[in-house]
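**Q** model the structure of this input:
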Amino acid sequence: MSDGADSLLSRREQLTDLVEHVLAQAKAKGATAAEVSAGLSTGLSVTVRMGEVETLEHHRDRGLGITVYFGQRKGNASTSDFAPASIQESVEAACSIARHTEPDPAAGLADADRMAVDPPELDLYHPWDLSAEQAVELARDSERAALEVDSRITNSEGASVHAGAGLSVYGNSHGFVGVKQGTRHSIGCSVIASDGQGMQRDHWYSVARHADALDTPEAVGQLAGSRAVRRLGCRPIRTGQFRVLYAPEVARGLIGHFVSAVSGGSLYRRASFLLDQKGQPVFPAGFRIDEQPHLHGALGSAAFDGEGVATAPRDLISDGVLQGYVLDSYSARRLNMETTGNAGGVHNLVVEPGTQDQTSLLQSMGTGLWVTELMGQGINMVTGDYSRGAAGYWVENGEVVHPVEEITVAGNLRDMFRQILAVGNDVDLRGNIRCGSLLVDGLTIASGTQ
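**A** Predicted coordinates for the structure are as follows:
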């Protein structure tokens, strides 16, 4: 893996030259503006099931995308073939498309004065010197640890190890050329437990930029195994309104719905339940969500967004009040606003943690549902109506009583955000949204097993 990752960096100058050459081609074809993104990636992925190698893949991918503007008419094309003839065909295709499209007043590059100047080094590139044989053994170690947790673990859906590295160059006709390089490694395991009354599966994974920051394979496997066993013995619950504690791994999805509601595409289409809410309370007093794009080594860090716009720390929610939206340059123009440097999404969105751990939050909840898994996509972004299948644990007097499954959790996101009672200090760092457990009041829980 390290040889492939090292070879990526050796092609940095070559990829930069390619981007600049394609921009020059677009200009020669008459484009008034253009932007080009080219990327290379390499990786090793292994899956082991019941001790046997199920998949082993080495991959090397590459791609180039070009967008051209003829005034405010836009065309784009892409290719995975870097041969000169293929590149030229892609440029010509993008230009042809642009000439035949209708002008869009919001189309165009991000403003030149928003380009990243002297972007910071964010420590995102740490290749993993891992052979296929070593990866297989790590996966076997993880699965073995899971199977040894309890005799009731009777089967496995497999353990996996992945090591990946990527290099990308973005350039546009403002003269901006920016390079991103990063690595992403992971270990995961999923097993099945059985007690004669039924079977339950659960999983766990660890992901990081640096292999040294990963949990050990044994730790990942043990947690996957204990989670599967803990789910045995599901019993029905009564339907009603209760407090719900979202575990961190599902709580960040709730914050993801908020991000979707304040993103430019939803707003300019007027398809969001949070229209015109800037400056208004959306979460409880004291609640804070801030974007921290320059965290060293974090999974969501970026010095510039997908349009070359410099990223910067900012509060999205302060004391419960919505401070701004999530915009790229196109949606910003549609809304008569300015880009927030979020072309491609948010960068390390952090929900400020509280002081309570998971045990304390369960005690604060008293009686209700502890959700550890969500299924389905029952979200209406226009109205905020929320209804999702769930699994987890029924809690009484702050103590876990038994696991539950085949239940539905329903409410309205606008109300749910305002009814957050507490944020845990058990922050999950495995994604672009960093969030602890969320305790929410007054949700409707319906059991499908009654």
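**Q** low pLDDT regions in the protein?
**A** Applying pLDDT under 70 to the chain flags residues 1-7, 448-450.
**Q** the same query, at a cut-off of 80, please.
**A** Applying pLDDT under 80 to the chain flags residues 1-9, 448-450.
**Q** how about the strands in the stretch 51-200 of the chain?
**A** For the stretch 51-200 of the chain, strands defined by DSSP state E, counting those that start in this stretch occupy the ranges 52-70, 73-79, 153-172, 177-194, 199-208.
**Q** er, the stretch 301-450 of the chain I mean
**A** Assigned by DSSP E, counting those that start in this stretch, the strands in the stretch 301-450 of the chain fall at 314-318, 321-322, 349-351, 368-375, 385-396, 399-412, 420-423, 433-434, 438-447.
**Q** how many neighbouring residues does Gln197 have?
**A** 8 (other CB atoms under 10 Å). The way it works is simple: take the backbone N, C-alpha and C, and place the C-beta from them, glycine included.
**Q** any idea how far it lies from Pro84?
**A** Gln197 sits 65 Å away from Pro84 when distances are taken as CB to CB, to the nearest Å.
**Q** give the contact list for Tyr268.
**A** Tyr268 makes contact with 331, 334-335 under the criterion CB atoms under 8 Å, 6 or more residues apart in numbering.
**Q** if you set the cut-off to 10 Å instead, what comes out?
**A** 106, 327, 330-337 (CB atoms under 10 Å, 6 or more residues apart in numbering).
**Q** and what of Thr311?
**A** Thr311 is in contact with 116, 119-120, 122, 291-294, 301-305, 340-342, 346-348, counting by CB under 10 Å, 6+ apart.
**Q** can you check Val207 too?
**A** By CB under 10 Å, 6+ apart, Val207 lies in contact with 162, 184-188, 213-215, 299, 429-431.
**Q** residues contacting the closest residue to His210 other than its chain neighbours?
**A** Spatial nearest neighbour of His210, chain neighbours left out: His126 (4.1 Å); criterion: CB to CB, 6 or more residues apart in numbering. His126 is in contact with 5, 165, 182-185, 208-213, 297, counting by CB under 10 Å, 6+ apart.
**Q** state the distance from Asn432 to Phe283.
**A** Taken as CB to CB, the span from Asn432 to Phe283 is 19 Å.
**Q** got a PyMOL select line for the buried ones in the contacts of Tyr268?
**A** Only the buried entries of those go into this PyMOL selection, using 16 or more other CB atoms under 10 Å:
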select buried, resi 327+330+331+332+333+334+337
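**Q** as a markdown table, the contacts of Tyr268 with distance to Asp17 would be great.
**A** A markdown table is the format used below for those (distance: CB to CB, whole Å):
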| residue | distance to Asp17 |
| --- | --- |
| Ala106 | 32 |
| Leu327 | 32 |
| Tyr330 | 28 |
| Ser331 | 32 |
| Ala332 | 31 |
| Arg333 | 32 |
| Arg334 | 35 |
| Leu335 | 37 |
| Asn336 | 38 |
| Met337 | 36 |
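**Q** in TSV: the strands of the stretch 301-450 of the chain, plus distance to Leu56 and mean neighbour count.
**A** TSV is the format used below for the strands of the stretch 301-450 of the chain (distance: least, CB to CB, whole Å; neighbours: other CB atoms under 10 Å):
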stretch	distance to Leu56	mean neighbour count
strand 314-318	42	18
strand 321-322	47	19
strand 349-351	35	24
strand 368-375	29	21
strand 385-396	32	20
strand 399-412	34	17
strand 420-423	41	20
strand 433-434	32	23
strand 438-447	39	20
